[in-house]
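Visitor: fold the following.
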Amino acid sequence: MSENADGTFWRSVVDQLQSCDEDDPIQKCFPHGLGKNVMDQVDELFSLADQKLHTFPFKDVQPCWFRLYTDASIAKVLKLLGLLTFPAQKDWSLSDSLKTHVNGIVSILDMSLIMAGGLGREQMIHDIFARLQTGSVSDEEDKTHPRKRRRIDGDSGLGGSPDHLPAANVSMPTIEFPIVQMDRPTLTKFSQHILQVREPVVLTNTINHWPALEKWQRTSFWLNATIGGRRLVPIEVGRSYTDDDWSQKIVPFEEFLRLYILQSGDNEVCEVSGDDVQTGYLAQHDLFKQIPALRNDIATPDYCYLDAPPAEPGTPVALSKAKGHMKKTSHPKTTHNAPGPPDNGSDEPELENEVQANIWFGPAWTISPLHHDPYHNILCQVVGRKYVRLYSPRHSNALLPRREDEPAPHIPSAGRTDGVKGAVKDGEQQGETIDMSNTSQIDIAAMELSPLEDWDEVYPGISKVPYVECILEAGQALYIPIGWWHYVRSCSVGISVSFWW
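Guide: Alright, predicted model coming up:
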């Protein structure tokens, strides 16, 4: 990368931040418009935007504050690089500054993507990451940290760990009620199934062309894709989001990999239930939007573009839609500063004309408790194995849904304040409860661990409720119809991609 090109790129970034259109949402941050260059008061404007994002639930934050948070974040990067006043030299290179500040740059920009969606500057942010990924920083890393280079001895570059993710299987159940399988069905045949049969089906030989099936097994691949593991990711910590000790945090990918993935492969205690090992789960995250290059390793199944039927009449999803209230996700975002980009503020599903892809990456015994979603879903297993149990929505009452106003176990019942700023709106106690009516009270994981217990005493009639199940293997996909209750447990270190439509 030439010094000239380097300077031209950063000059372009400066120029774009200095000019905002009159109709840019950022102008609504102040009564008379922004009225100033973001770079004139970087720290003050960033603090203001950060406060707005942490004071209110994301759905109540105006787009202008996401825009200000994004632009102020980029301006903070420019400040780190000494570019708030751009030098006049034509051949000015930033290679030394980039090497010095790479950790800070990655952290600032990833937070702008995670907290604000990089609103209005997504491509600019991705372009900066691309320069960090392919430029002189990576070259210098190879020289100064040779352990991060791929080696012929199979070292991942992460403290001598093997280059493949741990492959050991744990707690593999016996399948008694197998899900029907289809081998690469035609679009016509699959359409008939989802319209007429309306039941889950395991799809074989439908994603075996994905490069991810091989590439994503390698630890070195993930380190390279995340700029030496520096990229930040939001993870869930704890066995299940229904547990008291469940929480969320944002960590560098290398930390997630080292503490929760590679370490889990070294602990035999996870053979039982993972109780002695803290579980970290990169769950329901659109990593493809954060790191677009990962999209090259997968492909949206053609089945996701078929017309799919609505939820069956009388089932919870259909009833919720009739009321004009719909949960968007299976894993709740329960704090004001919860990881995730801004939504559209609506209670209706967001997937009217698009397919939403999310990644699920975690060790054995990561669990999604029994719940249902307001979308059709094709769950594709890329690495490892998952056990999945499904119940028809026609049996919803027997599955003991939680109440809409029931507090999530990990949320204090009163006096809740924001996790970062300690801010509660005057006269209100925000976030005391979240709608968990799409989640069952039944702990399937406990039933798995204690199969001899009389669970009908705990959950009356549960033994008589029919279900289907499978162990989803790498290279297979599972169609989950809209509204079907499903419990998912990893039987090994695993990576899945879900496609909601």
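Visitor: any weak-confidence spans in the stretch 401-501 of the chain?
Guide: 407-433 (pLDDT under 70).
Visitor: what about 50?
Guide: 412-431 (pLDDT under 50).
Visitor: and the longest helix along the chain, C-alpha only, in PDB?
Guide: Longest helix in the chain, counting residues (DSSP state H): helix 95-116. Extracted in PDB, the C-alpha atoms of helix 95-116 (Å, rounded to 0.1, in the frame of the first residue of the first chain):
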ATOM      1  CA  SER A  95       1.800   2.900   9.100                       C
ATOM      2  CA  ASP A  96       3.600   3.700  12.400                       C
ATOM      3  CA  SER A  97       0.500   5.300  13.900                       C
ATOM      4  CA  LEU A  98      -1.700   2.300  12.800                       C
ATOM      5  CA  LYS A  99       0.700  -0.100  14.400                       C
ATOM      6  CA  THR A 100       0.800   1.900  17.700                       C
ATOM      7  CA  HIS A 101      -3.000   2.400  18.000                       C
ATOM      8  CA  VAL A 102      -4.400  -0.700  16.300                       C
ATOM      9  CA  ASN A 103      -6.000  -2.100  19.500                       C
ATOM     10  CA  GLY A 104      -7.700   1.200  20.200                       C
ATOM     11  CA  ILE A 105      -8.900   1.700  16.700                       C
ATOM     12  CA  VAL A 106     -10.500  -1.800  16.500                       C
ATOM     13  CA  SER A 107     -12.200  -1.300  19.900                       C
ATOM     14  CA  ILE A 108     -13.700   2.100  19.000                       C
ATOM     15  CA  LEU A 109     -14.900   1.100  15.600                       C
ATOM     16  CA  ASP A 110     -16.400  -2.300  16.700                       C
ATOM     17  CA  MET A 111     -18.300  -0.500  19.500                       C
ATOM     18  CA  SER A 112     -19.700   1.800  16.900                       C
ATOM     19  CA  LEU A 113     -20.900  -1.200  14.900                       C
ATOM     20  CA  ILE A 114     -22.200  -3.100  17.900                       C
ATOM     21  CA  MET A 115     -23.800  -0.200  19.800                       C
ATOM     22  CA  ALA A 116     -25.000   2.000  16.900                       C
END
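Visitor: average pLDDT across it?
Guide: In this model, helix 95-116 has an average pLDDT of 90.
Visitor: the strands in this structure, which residues?
Guide: Assigned strands in the chain, in chain order: 181-183, 201-204, 232-237, 247-252, 280-285, 356-362, 367-371, 377-383, 386-391, 468-472, 477-480, 485-490, 494-500 (criterion: DSSP state E).
Visitor: buried stuff in the fourth one?
Guide: What it means is strand 247-252. The neighbour-count check on strand 247-252 (16 or more other Cβ atoms under 10 Å) flags 248, 250-252 as buried. Placement of C-beta: from N, CA and C, glycine included.
Visitor: before we move on, what about the second one?
Guide: Within strand 201-204, the residues scored as buried using 16+ other Cβ under 10 Å are 201-203.
Visitor: where does the prediction get shaky in the stretch 101-250 of the chain?
Guide: 136-137, 140-141, 143-153.
Visitor: residue 467: neighbour count?
Guide: Neighbour count of residue 467, defined by other Cβ atoms under 10 Å: 19.
Visitor: my bad, residue 173
Guide: Residue 173, neighbours per other Cβ under 10 Å, totals 13.
Visitor: how close does it get to residue 474?
Guide: Per Cβ to Cβ, to the nearest Å, residue 173 is found 17 Å from residue 474.
Visitor: what of residue 296?
Guide: Taking Cβ to Cβ, one finds residue 296 at 19 Å from residue 474.
Visitor: what do you get for residue 259?
Guide: For residue 259 relative to residue 474 (Cβ to Cβ), the value is 24 Å.
Visitor: same check on residue 178?
Guide: Counting by Cβ to Cβ, the gap from residue 178 to residue 474 is 18 Å.
Visitor: out of those two, which sits in the busier spot?
Guide: A direct count of neighbours by other Cβ under 10 Å for residue 178 and residue 474 places residue 474 higher, at 22 against 11.
Visitor: OK, contacts around that one?
Guide: Each residue near residue 474 by Cβ atoms under 8 Å, 6 or more residues apart in numbering is listed here: 213, 381-385.
Visitor: now residue 186
Guide: Per Cβ under 8 Å, 6+ apart, neighbours of residue 186: none.
Visitor: state the distance from it to residue 303.
Guide: 10 Å.
Visitor: swap in residue 247?
Guide: 36 Å.
Visitor: about what we covered before: what would the strands of the chain look like in TSV with distance to residue 191?
Guide: Below are the strands of the chain laid out as TSV (distance: least, Cβ to Cβ, whole Å):
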stretch	distance to residue 191
strand 181-183	12
strand 201-204	12
strand 232-237	35
strand 247-252	38
strand 280-285	27
strand 356-362	20
strand 367-371	26
strand 377-383	13
strand 386-391	20
strand 468-472	21
strand 477-480	12
strand 485-490	22
strand 494-500	16
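Visitor: can you tell which of the ones you listed is closest to residue 79?
Guide: strand 232-237 (19.4 Å; Cβ to Cβ).
Visitor: which other residues reach that closest one?
Guide: Taking Cβ under 8 Å, 6+ apart as the rule, strand 232-237 contacts 106-107, 110-111, 114, 246-253, 256, 260, 278-283, 285, 287, 290, 331, 339-340.
Visitor: direction included, what does it pair against?
Guide: The strands that strand 232-237 pairs with in its sheet are strand 247-252 (antiparallel), strand 280-285 (antiparallel) (by DSSP bridges).
Visitor: avg pLDDT for the last one?
Guide: Averaging pLDDT along strand 280-285 gives 93.
Visitor: just want the angle from it to helix 95-116.
Guide: Per axes from the mean of the first three to the mean of the last three Cα atoms, to 10 degrees, the angle that strand 280-285 makes with helix 95-116 is 70 degrees.
Visitor: ok, residues contacting strand 280-285?
Guide: Contacts of strand 280-285 (Cβ under 8 Å, 6+ apart): 233-237, 251, 256, 259-261, 329-331, 339, 358-363, 366, 368, 498.
Visitor: name the residue closest to the centre of the protein, please.
Guide: residue 285 (1.1 Å; Cα atoms, centre = their mean).
Visitor: leaving out sequence neighbours, find the closest residue to residue 359.
Guide: Nearest residue to residue 359 in three dimensions, chain neighbours excluded: residue 287, at 4.5 Å (Cβ to Cβ, 6 or more residues apart in numbering).
Visitor: OK, contacts around that neighbour?
Guide: Applying Cβ under 8 Å, 6+ apart to residue 287 gives the contacts 233, 294, 358-359.
Visitor: so which of the residues you listed is the most crowded?
Guide: residue 233 leads the contacts of residue 287 on contacts (other Cβ under 10 Å) with 24 neighbours.
Visitor: which strand residues bridge the spatially closest residue to residue 251 that is not a sequence neighbour?
Guide: Counting by Cβ to Cβ, 6+ apart, residue 251 lies nearest to residue 235, which is 6.1 Å off, once chain neighbours are set aside. When assigned by DSSP bridges, residue 235 has beta-bridge partners residue 249.
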